[in-house]
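Asker: Got a predicted structure plus its sequence, pasted below:
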Protein chains: 2
Amino acid sequence: MSRTKARTALLEELEEAMRRSSAQGVLYGQTVANVAGIANSDLECMDILYLEGRVTAGRLAEVTGLTTGAITGVVDRLEKAGLVRRERDEKDRRKVFISVVPEQAMKIGQLYVPMQQAMEKVFGTYSDQELRLLLRFATEGYKGVLAATEALKSLLDTPPEKRPDLKLKKLRRQP
Amino acid sequence: MSRTKARTALLEELEEAMRRSSAQGVLYGQTVANVAGIANSDLECMDILYLEGRVTAGRLAEVTGLTTGAITGVVDRLEKAGLVRRERDEKDRRKVFISVVPEQAMKIGQLYVPMQQAMEKVFGTYSDQELRLLLRFATEGYKGVLAATEALKSLLDTPPEKRPDLKLKKLRRQP
DNA sequence: ATATATATCTTAGTCACTAAGAGATTTAGC
DNA sequence: GCTAAATCTCTTAGTGACTAAGATATATAT
């Protein structure tokens, strides 16, 4: 029992620490956007392009949750800034692929250097085996958050009065 | 040599995995705001209030990077929604403390349940010792990101032409 | 007491967003 | 093959959250 209690406390601490670091991660992103002089959504799209490579405008809308109209604006601004290029798909001429212009995008990438250095410093204190554990956690965590996002999105399609009443754990003590 | 190479590859994989999961975390937050019917910044402030407890309007501006004028709007909306309360500091009557209204805020908290469940499922596969490693990482990672944010912010105070290395195209009117 | 500093709010204007629908192209049904 | 429906992006009009600058109120220093 004392063992489970210790674990429960550990899990709570962990949840708060994760929440804090992820909140700070959001702030880092906002700062990058500020320094780069582009909108938050614009940077978010750059990030998606970096991770997924050449994607269509529609896919950007899908992933970001913005309307296609908003994406038109995002891509207009990014294209004007020379960060991305529009390329019509020759096979299906309705589609527009967006791809990054590496030379320009690299300037944005430089703004992540302070973050990378900080993380390298942290990673440096872990053994290979420990890093593999962190990798496993990051990978599984991603899948979990992805699934949770889908679960939550489905609530949007459910009328409020028909939403299953989610049981919430007791609200945390106020410091 | 082969050993260092393996570690470099591991670090790269780790960086990408972290980036992916944190991007998905951002999307989860956006979805929560959508479902709750409040603006992103409003939710961000709720999160800060949850983590820091009763804070002043000025502190919210400081942490979020928004102007005090914007925070007035945020608090107006949150107060109207019954999620927070304004309380003048009796010791220094210029200050306004913002505090959450737990009963209402809990409704927002419920939207984090899918996420918490997903994470609990993930955490369930780790031993206490492994969880402590994750906690150490989250704590150190937070400090690292915080420091990196400060480092990056200092670039904002440096005139663009004097910034080391970076010569970014001016995309938006700079403050 | 006066001046300066601090904390929040107000105002005017800007920009990114949504909703709705137009335009262009592809796919399906006959 | 031809028409209708579906798909993908862009356009337009209107809305709301944001910034900058300054107003207001209170606190601190000289």
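Answerer: Cool, the structure landed.
Asker: CA atoms for contacts and neighbours, from now on please.
Answerer: Noted.
Asker: for the helix or strand harbouring residue A:10, packing partners?
Answerer: Element membership of residue A:10 [criterion: DSSP states H and E] is helix A:2-36. The contact analysis (3 or more C-alpha pairs under 8 Å, 6 or more residues apart in numbering or on different chains; DSSP states H and E) places helix A:2-36 against helix A:40-52, helix B:2-36, helix B:128-157.
Asker: Name the residue closest to the centre of chain A, please.
Answerer: residue A:44 (7.5 Å; C-alpha atoms, centre = their mean).
Asker: Would you mind measuring from it to residue B:14?
Answerer: Distance, residue A:44 to residue B:14, by C-alpha to C-alpha, to the nearest Å: 20 Å.
Asker: With residue A:22 instead?
Answerer: 16 Å.
Asker: Residues of chain A that sit close to DNA strand D?
Answerer: A:56-59, A:68-73, A:75, A:94-97 (C-alpha under 7 Å from any atom of the strand).
Asker: Buried ones from these, can you make that a ChimeraX selection?
Answerer: Restricted to buried positions by 16 or more other C-alpha atoms under 10 Å in any protein chain shown, the ChimeraX selection for these reads:
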select /A:56,57,58,71,75,96,97
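Asker: mind showing which ranges of chain A have poor pLDDT?
Answerer: Filtered on pLDDT under 70, chain A yields the residue ranges A:1-3, A:156-175.
Asker: and it, which residues reach DNA strand C?
Answerer: Residues of chain A lying near DNA strand C (C-alpha under 7 Å from any atom of the strand): A:38-42, A:65-71, A:73-74, A:90-94.
Asker: didn't residue A:33 look like it was pressed against residue A:45?
Answerer: No - applying C-alpha atoms under 8 Å, one finds residue A:33 not in contact with residue A:45, separated by 11.4 Å.
Asker: residues making contact with stretch A:120-133?
Answerer: Contacts to stretch A:120-133, defined as C-alpha atoms under 8 Å, 6 or more residues apart in numbering or on different chains, come from residues B:7, B:10, B:11, B:14, B:137, B:140, B:141, B:144.
Asker: mind redoing it with 6 Å?
Answerer: The contact list for stretch A:120-133, computed with C-alpha atoms under 6 Å, 6 or more residues apart in numbering or on different chains, is empty.
Asker: Put the alpha carbons of it into CSV.
Answerer: Only the C-alpha atoms of stretch A:120-133 are listed here, as CSV (Å, rounded to 0.1, in the frame of the first residue of the first chain):
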residue,chain,number,x,y,z
GLU,A,120,21.9,18.3,-25.8
LYS,A,121,23.2,19.4,-22.5
VAL,A,122,20.4,17.5,-20.8
PHE,A,123,20.8,14.4,-22.9
GLY,A,124,24.5,14.4,-22.2
THR,A,125,23.8,13.3,-18.6
TYR,A,126,22.1,10.1,-19.8
SER,A,127,23.5,6.8,-20.8
ASP,A,128,22.7,5.2,-24.2
GLN,A,129,20.3,2.9,-22.5
GLU,A,130,18.6,5.6,-20.6
LEU,A,131,18.2,7.6,-23.9
ARG,A,132,16.6,4.5,-25.4
LEU,A,133,14.1,4.6,-22.6
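Asker: which of the residues in it are buried?
Answerer: A:123, A:128, A:131, A:132, A:133.
Asker: Relative to residue B:107, which of these is nearest.
Answerer: residue A:133 (34.6 Å; C-alpha to C-alpha).
Asker: count of residues packed around residue A:67?
Answerer: If you count neighbours by other C-alpha atoms under 10 Å in any protein chain shown, residue A:67 ends up with 12.
Asker: Sticking with the nearest residue to it once chain neighbours are set aside, tell me its helix or strand.
Answerer: Of all residues not flanking residue A:67 in the chain, residue A:61 sits nearest, at 5.7 Å (C-alpha to C-alpha, 6 or more residues apart in numbering or on different chains). Residue A:61 belongs to helix A:57-64 when assigned by DSSP H and E.
Asker: can you list the residues of chain A near chain B?
Answerer: Residues of chain A lying close to chain B (C-alpha under 6 Å from any C-alpha of the partner chain) are A:14, A:17-18, A:21, A:28, A:35, A:37, A:114-115, A:118, A:135, A:138-139, A:142, A:144, A:148-149, A:156, A:168, A:174-175.
Asker: what residues are up against the residue nearest to the centre of chain A?
Answerer: Residue A:44 neighbours (C-alpha under 6 Å, 6+ apart): none.
Asker: again, only using 10 Å
Answerer: A:29, A:30, A:33, A:50, A:60, A:63, A:64, A:74, B:23, B:26, B:27 (C-alpha atoms under 10 Å, 6 or more residues apart in numbering or on different chains).
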